[in-house]
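Peer 1: Here is my input; please provide its structure:
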Amino acid sequence: MRTRQFQPTVVPAKAMSRKRIAGFEHIEQLGKGSYSEVHLVYRNGAGSEKLALKRFLEPENTIAIEREIAALKVMSDHPDAPKLHDVISLGKEVFLLMDHIEGDNIYQTVKKSGTFSESQARRFLKETLSQLGFMHAQGLLHTDIKITNLMKHKGKYCFIDYGLSQAGPATRTLTLTGGERYMGPEVFQGQRNQASDVYGLGCVLHYCLTGKYPFGLVKKDPMEKKIFASMHWNVDFRFDASPEIKHILSRMMEKDHMQRATIEEIECLLNGDLDIGTPPSLAAPDIPLPEDMASIYRTMAQENRKNLYAQYRYGLLLEKGETVTQDERQAIEWHLRAATGGLALAQNRLGFLYYNGRCGLPKDYDRAHYWFSKASDQKYPLSQYYMGRLHELGWGVRKDNAEAIRYYTLAVRNGETNAKERLQALLNS
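Peer 2: Residues are numbered from 1 along each chain as shown. Below is the predicted model:
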């Protein structure tokens, strides 16, 4: 996939609604988010072909951009996936020229036409499993499968938005990026893998069949309720569908990711090549949701030592005295559990507390460096920024502007805006 360099006379993307741009004629803006904006364009001299031109709003966040480009290149080889036609750079700005997807996403489809029939659900699964299997075979995880990231393209459903994709069959969870309502329990325990994508697709299938999210969750529900539901609640199968499709859904949303159905198993179930066994119960009893936030996180942290995120969040509540009596000693103990378990969020928090001398801890730049270094090794951008500060100031380490620049650069490339000013100042000094 080649990269074209445009001449500097090209009109900036923000003026696209009024100007013709270097071989393209702008039609309209299709959408805009915090990460990017997408425009519909004609490619001049190519039979008035409609394409989508994606502009990244934070071009210095090169890690995320490179990740999305790599994923789109991989998926362009699948016959049903939208194609990446070109990567265009204009100074510091980056644009992706892609197929224009004219169909609706799952949310829009269900809102307009109602829930899926059995045959529609089966067809949806076959189309998406083909692409997901291809994705995984190429060593790629989507990690952000949800109803707005699956769209109809040339008559078939396809995945879009690879901005959070990850390479490898499994990856550590640094932060809870993506849609929490689509996350399996293992994500809250600090890891994502191919089974996590299967769980997310299962949540989408549930929405297709019922028009509702699993566990009755809605977007405005607090994070702790979403985590508790994923960890403890059972899918309510009291909806109109065959035992076969309900069994497939139950296998896709199995709590234990090691026992969750693989793509190959789901395809066999769809084809009738495997016995469905005992159909899932209509509605197994749920563990009641504790009344306050601290109790929710304490319950999850105590019941499952692998739930690193719950340990970290409970530590934060104890640290700040939110919905629980403040207890700095206990807060540090819970942060330590999550940090030694490998959660970058907790490692960064301990680094911050030692850096500032808070929560009963002394100001200790050696310990701050230790924990920021741990989180930086996991590519946690805020810790990379603090590593830059320590090296720039010579706190806890030898003063080294070259190392400071290296860490600031890493932080900027990972999207940490605080590092931009310090990086520019050192480069200009």
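Peer 1: Quick check: the gap between the residue positioned nearest the centre of the chain and residue 166.
Peer 2: Central residue of the chain (C-alpha atoms, centre = their mean): residue 178, 3.4 Å from the mean position. Using C-beta to C-beta, to the nearest Å, residue 178 is found at 11 Å from residue 166. (C-beta placed from N, C-alpha, C; glycine too.)
Peer 1: Quickly list what's touching both of those two.
Peer 2: Common contact partners of residue 178 and residue 166 (C-beta atoms under 8 Å, 6 or more residues apart in numbering): residue 143.
Peer 1: any idea how this structure splits into domains?
Peer 2: 3-99, 106-270, 366-429 (automatic domain parsing).
Peer 1: export those to TSV and tack on distance to residue 297 and mean pLDDT?
Peer 2: Formatted as TSV, the domains of the chain follow (distance: least, C-beta to C-beta, whole Å; pLDDT from 0 to 100):
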stretch	distance to residue 297	mean pLDDT
domain 3-99	27	76
domain 106-270	6	91
domain 366-429	21	95
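Peer 1: Could you dump those domains into JSON lines with distance to residue 340 added?
Peer 2: Conversion of these to JSON lines gives the following (distance: least, C-beta to C-beta, whole Å):
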{"stretch": "domain 3-99", "distance to residue 340": "26"}
{"stretch": "domain 106-270", "distance to residue 340": "12"}
{"stretch": "domain 366-429", "distance to residue 340": "9"}
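Peer 1: which strands and helices sit next to the host helix or strand of residue 408?
Peer 2: In this assignment (DSSP states H and E), residue 408 forms part of helix 401-413. Where contact means 3 or more C-beta pairs under 8 Å, 6 or more residues apart in numbering; DSSP states H and E, helix 401-413 is packed against helix 381-393, helix 418-428.
Peer 1: List the buried residues for that helix?
Peer 2: Along helix 401-413, these residues count as buried under the neighbour rule (16 or more other C-beta atoms under 10 Å): 403, 404, 405, 406, 407, 408, 409, 410, 411, 412, 413.
Peer 1: Need the single longest helix in the chain, by residues.
Peer 2: Using DSSP state H to define each element, the chain has its longest helix at helix 118-137.
Peer 1: which residues are in contact with that helix?
Peer 2: Residues outside helix 118-137 that contact it (C-beta under 8 Å, 6+ apart) are 74-75, 77-78, 80-81, 116, 141-142, 150, 156-159, 169, 194, 197-198, 201, 205, 208-209, 241-242, 245, 248, 263-264, 266-267, 270.
Peer 1: hmm, which of those are the buried ones?
Peer 2: 74-75, 78, 80-81, 116, 141-142, 150, 156-159, 194, 197-198, 201, 205, 208-209, 241, 245, 248, 263, 266-267, 270.
Peer 1: Which of the contacts of helix 118-137 fall within helices?
Peer 2: With helices defined by DSSP H, the entries of the contacts of helix 118-137 inside them are 74-75, 194, 197-198, 201, 205, 208-209, 245, 248, 263-264, 266-267, 270.
Peer 1: Who are the packing partners of the one helix or strand residue 152 maps to?
Peer 2: Using DSSP H and E, residue 152 sits within strand 150-153. Applying 3+ C-beta pairs under 8 Å, 6+ apart, one finds that strand 150-153 makes contact with helix 106-113, strand 156-159.
Peer 1: centre of the chain versus it, how much separation?
Peer 2: Centroid separation between strand 150-153 and its chain, computed with C-alpha atoms, centre = their mean, to the nearest Å, is 19 Å.
Peer 1: Tabulate the CA atom coordinates of it in PDB.
Peer 2: Output of strand 150-153 as PDB, limited to C-alpha atoms (Å, rounded to 0.1, in the frame of the first residue of the first chain):
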ATOM      1  CA  LEU A 150     -20.800  -3.600  12.200                       C
ATOM      2  CA  MET A 151     -22.300  -2.200   9.000                       C
ATOM      3  CA  LYS A 152     -23.900  -3.600   5.800                       C
ATOM      4  CA  HIS A 153     -21.400  -3.300   2.900                       C
END
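Peer 1: Any chance you could list what contacts it?
Peer 2: For strand 150-153, contacts defined as C-beta under 8 Å, 6+ apart pick out 80-82, 99, 101-106, 109, 128, 157-160, 204.
Peer 1: OK, contacts around the residue lying closest to residue 409 once chain neighbours are set aside?
Peer 2: Residue nearest to residue 409 in three dimensions, not counting chain neighbours: residue 423, with 6.2 Å by C-beta to C-beta, 6 or more residues apart in numbering. Contacts for residue 423 (C-beta under 8 Å, 6+ apart) come out as 388, 405, 408, 409, 411, 412.
Peer 1: Closest one of those residues to residue 353?
Peer 2: Nearest to residue 353 among the contacts of residue 423, counting by C-beta to C-beta, is residue 388 at 18.7 Å.
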